[in-house]
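**Student:** sequence first, predicted coordinates after that:
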Amino acid sequence: MHAANFNENPTLNGQSNGTPDEEDNKSNITEADLTIGVDGIKMFGYMSRKPTRESQNKKASSRVWKRFYVILKDTDLIFFRDEKEAKQKLKPIQVITAVGSQVTVASDYHKKKNVLRIALASGAEYLVQSDTADEMTLWIQNVRGSAVDPNAPVEEEIKNSLAASSPIRPLSVNFPVEGSPAQDATPSKKEKKRGPSLFGKKKKSKGETPTKQES
């Protein structure tokens, strides 16, 4: 599904793109029940949303809370006007992708309870309010699970991170073999106890004069 910009769709300002005939035909559309685990549906329900940023360096022009019926399907968050339109599978108000997004509890926002923050890869950002704390936790978990595209190729950095997390192998220690240069360079215990050589220099006693050797 196409990820639309929050301000691209005029229906977000309360306007409708449908003709009178299209509006009348809505009542003739059969409603289908929504089931988690069917057709890629992970979660659904009413939520209130407030845009805070249109891009990384631009604040949202309209920062107003509005209530939507939201379906998390595969990696997309799909926004409908209400539950009836969602079940009738009418054209949604907006579809945004959760791939590359970051979802956290908006702990710095104190005007409402159960508010989470969704920061999209495009730089857009929203505050979203759930009806209960339990629902907020479930939305955070499921949107985070949808932030990674299952069809995306595995990048080299992911391979490296997996390799780095593999069990650490024990270090191998090479002990010197008898007769090797390292072994020969180490003095033995016998050599340490042997003391000075018999041919070493002899201390001179007092009064003793050195003797000359015959040539």
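**Tutor:** Noted; the coordinates are in hand.
**Student:** host element of P51?
**Tutor:** Counting by DSSP states H and E, the element that carries P51 is strand 41-55.
**Student:** just V143 next, same as before
**Tutor:** V143 is part of helix 133-145 when elements are defined by DSSP H and E.
**Student:** only the buried residues of that helix, if you could.
**Tutor:** Buried residues in helix 133-145, counted by 16 or more other CB atoms under 10 Å: 135-136, 138-140, 142-143. Yep, even glycine has a C-beta here, placed from its N, CA and C like the rest.
**Student:** leaving aside the residues next to it on the chain, what's closest to T35?
**Tutor:** Nearest in space to T35, with sequence neighbours left out and distances taken as CB to CB, 6 or more residues apart in numbering, is I41 at 6.6 Å.
**Student:** pick the one among the buried residues of helix 133-145 closest to V95.
**Tutor:** Within the buried residues of helix 133-145, the smallest distance to V95 is 14.0 Å, found for V143 (CB to CB).
**Student:** gap between that closest one and D74?
**Tutor:** With distances defined as CB to CB, to the nearest Å, the gap from V143 to D74 amounts to 12 Å.
**Student:** now do K112
**Tutor:** Counting by CB to CB, the gap from K112 to D74 is 28 Å.
**Student:** so between the two, which is more surrounded?
**Tutor:** For K112 versus D74, neighbours defined as other CB atoms under 10 Å are more numerous around D74 (17 against 12).
**Student:** just give the nearest non-adjacent residue to that one, would you?
**Tutor:** On the basis of CB to CB, 6+ apart, the spatially nearest residue to D74 that is not a chain neighbour turns out to be G40, at 4.1 Å.
**Student:** now do the strands in the chain.
**Tutor:** Listed in chain order, the strands found in the chain under DSSP state E are 41-55, 58-59, 66-73, 76-80, 94-97, 102-105, 115-119, 125-129.
**Student:** can you list the strands that the shortest one pairs with?
**Tutor:** Looking back up the chat, that one is strand 58-59. Based on DSSP bridges, the strands next to strand 58-59 in the sheet, each with its direction, are strand 41-55 (antiparallel).
**Student:** quick check: buried residues in the strand it pairs with?
**Tutor:** Within strand 41-55, the residues that count as buried by 16+ other CB under 10 Å are 42-45, 47-54.
**Student:** just the closest of the residues you listed to A32, please.
**Tutor:** When those are compared for distance to A32, the smallest value, 12.1 Å, is given by F44; criterion: CB to CB.
**Student:** identify the residue spatially nearest to that closest one, adjacent ones excluded.
**Tutor:** Once its chain neighbours are removed from consideration, F44 has its nearest residue in I71; the separation is 4.4 Å (CB to CB, 6+ apart).
**Student:** point to the helix or strand of the chain where mean pLDDT is at its lowest.
**Tutor:** Sorting the helices and strands of the chain by mean pLDDT, DSSP states H and E puts helix 156-164 at the bottom, at a mean of 49.
**Student:** now the end-to-end length of stretch 30-39.
**Tutor:** Distances were taken as CA to CA, to the nearest Å; on that basis the terminal residues of stretch 30-39 are 17 Å apart.
**Student:** remind me which residues of this protein are low pLDDT?
**Tutor:** The model of the chain has pLDDT under 70 over residues 1-29, 152-215.
**Student:** try it again at 90.
**Tutor:** Scanning the chain for pLDDT under 90 picks out the ranges 1-37, 39, 56, 148-215.
**Student:** what sits against D149?
**Tutor:** With contacts defined as CB atoms under 8 Å, 6 or more residues apart in numbering, D149 is in contact with 75, 99.
**Student:** right, I'll call it a day here.
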